[in-house]
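Visitor: give the three-dimensional model of this entry:
(4 chains)
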There are 2 protein chains.
Amino acid sequence: MAVSARRGTPLTIEEISSTAVRLIDEGGVEGLSMRKLAAELDVNPMSLYHHVESKEALLGLVCATAAQRMHMPPDDGAPWQDQLKALALAYHRHAREHPALWGYVHTHPQLINDHRLVIWQTLYRILRLAGVPEPELRRTSEILNAFVSGFIVAETHGHMSDDPEGVDRNFDTAVHLIINGMVSFSA
Amino acid sequence: MAVSARRGTPLTIEEISSTAVRLIDEGGVEGLSMRKLAAELDVNPMSLYHHVESKEALLGLVCATAAQRMHMPPDDGAPWQDQLKALALAYHRHAREHPALWGYVHTHPQLINDHRLVIWQTLYRILRLAGVPEPELRRTSEILNAFVSGFIVAETHGHMSDDPEGVDRNFDTAVHLIINGMVSFSA
DNA sequence: ACCTGAACACCGTTCAAGT
DNA sequence: ACCTGAACACCGTTCAAGT
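Guide: Numbering: from 1, shown residues only, chains lettered A, B, ... in the order given. All right, here's what the predicted structure looks like:
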């Protein structure tokens, strides 16, 4: 059988990807090396290159994997303000689970640039509901995404001072600021 | 004279720092290595460690250097909306000069966390003008900074689709959104 | 098909030695 | 005081060889 001498099972991309996600969660993107990942999988470093073209490709895969784990709020018929807030909360929860990965995606946005992704479609739907005209959808969603990402990266990297009145007050303020800005924008 | 065998002059921190800024501008943060920097300075790699404790410390120095080059708009007595926009423009211009460094600072915010820095003091002044109460100044400025940084990182990393009606329309929209949000916030 | 070991060209950094 | 060369423990990746 063409099977590793050190393991019983052959490698799978899922195994590689989810182990990489875990290592990054634990030690940051700069803490991940092909060699450490291979050791964690109990495999020769070079075996990885049979499933992944390069470290950069691996990181792309890892970002895609993490993005798929993000769970979008359904269309529950609520007002757009509430749905936008729910979406922001989904970002927030996901970012807290994978802070290091979030920072990486934010500075390597090619990895999430595909506007067919659910996350963009959800944002489009909510912005339509808010009355944003069709040709402005892309622009507007990119801006909102950048704002929320910026906030979350700052927060997960400790750039947000704690508020004595509650941990999530900064986040609430940020979301309210955006929503208020949108309201007076469409008026 | 205790002078390098390869150069006429001894190294200075300024020389190290500004050369590092240039290398990062040219090839990104991951393109900078101590060895390349030393080669660029025509010096032995180990000489750098006499002026800088580690690569991480060097990057801190580099961020500080770049931040000092950022030129703040003066208090010209204009309405807060205009001054806030002018400040955002200053960010924008600076980010376009050092895009790689901006991404790095944004994910390593310890480097700019000091609220005594001019940039924070300028933001505080404008927010006071906008009627933000004193105990909310820090929170509010952190949020706005995160928004604008998020936008600029997205933009400088190619995450913003081009607008046929003008390059800066996305930026204008973003700034207007924030200002409108602030207006209805204080009302 | 899938895995491996040796090798190459790089890293950051320590340390003892030079002037 | 400032600089250097050799060395150590790491990297990502190529390539020819194994099953």
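
Visitor: CA only for contacts and neighbour counts going forward, please
Guide: Noted.

Visitor: and chain A, which residues reach chain B?
Guide: Applying Cα under 8 Å from any Cα of the partner chain, we find that chain A lies next to chain B at A:103, A:106-110, A:113, A:138-139, A:142-143, A:146-151, A:153-154, A:157-161, A:170, A:174, A:176-182, A:184-185.

Visitor: what is the neighbour count of the residue of chain A found nearest DNA strand D?
Guide: Residue of chain A nearest DNA strand D, by Cα to the nearest atom of the strand: residue A:33 (3.0 Å). Neighbourhood size, residue A:33 [other Cα atoms under 10 Å in any protein chain shown]: 15.

Visitor: next step: the residues of chain A next to chain B restricted to helices.
Guide: Cross-referencing the residues of chain A next to chain B against helices under DSSP state H gives A:103, A:106-107, A:138-139, A:142-143, A:146-151, A:153-154, A:170, A:174, A:176-182, A:184-185.

Visitor: buried subset of those residues, written for ChimeraX?
Guide: Burial among those is assessed by 16 or more other Cα atoms under 10 Å in any protein chain shown; the matching ChimeraX selection reads:
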select /A:103,106,107,138,139,142,143,146,147,148,149,150,151,153,154,170,174,176,177,178,179,180,181,182
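
Visitor: count of residues packed around residue A:26?
Guide: Number of residues near residue A:26 (other Cα under 10 Å) recorded here: 14.

Visitor: how about the one 3 residues further on?
Guide: Residue A:29 sits with 17 neighbouring residues when counted by other Cα under 10 Å.

Visitor: what of residue A:51?
Guide: Counted with other Cα under 10 Å, the neighbours of residue A:51 add up to 13.

Visitor: these two touch, right, it and residue A:15?
Guide: No. Under the criterion of Cα atoms under 8 Å, residue A:51 makes no contact with residue A:15, lying 10.7 Å away.

Visitor: how about residue A:47, phi and psi?
Guide: Here is the backbone geometry of residue A:47 (degrees, to the nearest 10): phi -60, psi -30.

Visitor: domains of chain A?
Guide: Following automatic domain parsing, chain A resolves into domains at A:13-64, A:71-186.

Visitor: give me the residues contacting stretch A:119-126.
Guide: Contacting residues not belonging to stretch A:119-126 are listed as A:72, A:80, A:83-84, A:87, A:115, A:137-138, A:141 [Cα atoms under 8 Å, 6 or more residues apart in numbering or on different chains].

Visitor: oops, could you answer that again for stretch A:32-42 instead?
Guide: A:6-7, A:16, A:19-20, A:23-24, A:44-45, A:47-48, A:55.

Visitor: mind putting these into JSON lines with pLDDT, neighbour count and secondary structure?
Guide: As requested, these are exported to JSON lines (pLDDT from 0 to 100; neighbours: other Cα atoms under 10 Å in any protein chain shown; DSSP: H, G, I helix; E, B strand; the rest coil):
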{"residue": "A:6", "pLDDT": "56", "neighbour count": "10", "secondary structure": "coil"}
{"residue": "A:7", "pLDDT": "65", "neighbour count": "11", "secondary structure": "coil"}
{"residue": "A:16", "pLDDT": "95", "neighbour count": "20", "secondary structure": "helix"}
{"residue": "A:19", "pLDDT": "95", "neighbour count": "17", "secondary structure": "helix"}
{"residue": "A:20", "pLDDT": "96", "neighbour count": "25", "secondary structure": "helix"}
{"residue": "A:23", "pLDDT": "95", "neighbour count": "18", "secondary structure": "helix"}
{"residue": "A:24", "pLDDT": "95", "neighbour count": "21", "secondary structure": "helix"}
{"residue": "A:44", "pLDDT": "93", "neighbour count": "16", "secondary structure": "coil"}
{"residue": "A:45", "pLDDT": "94", "neighbour count": "15", "secondary structure": "helix"}
{"residue": "A:47", "pLDDT": "94", "neighbour count": "13", "secondary structure": "helix"}
{"residue": "A:48", "pLDDT": "95", "neighbour count": "22", "secondary structure": "helix"}
{"residue": "A:55", "pLDDT": "95", "neighbour count": "14", "secondary structure": "helix"}
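
Visitor: show me which of the residues you listed neighbour DNA strand C.
Guide: Residues of the contacts of stretch A:32-42 in contact with DNA strand C (Cα under 7 Å from any atom of the strand): A:6, A:44-45, A:47-48.

Visitor: quick check: mean pLDDT of stretch A:157-169?
Guide: Stretch A:157-169 shows a mean pLDDT of 79.

Visitor: for that stretch, what is the distance to the chain centroid?
Guide: How far stretch A:157-169 lies from its chain's middle: 21 Å, per Cα atoms, centre = their mean, to the nearest Å.

Visitor: start to end distance for it?
Guide: One end of stretch A:157-169 sits 17 Å from the other (Cα to Cα, to the nearest Å).
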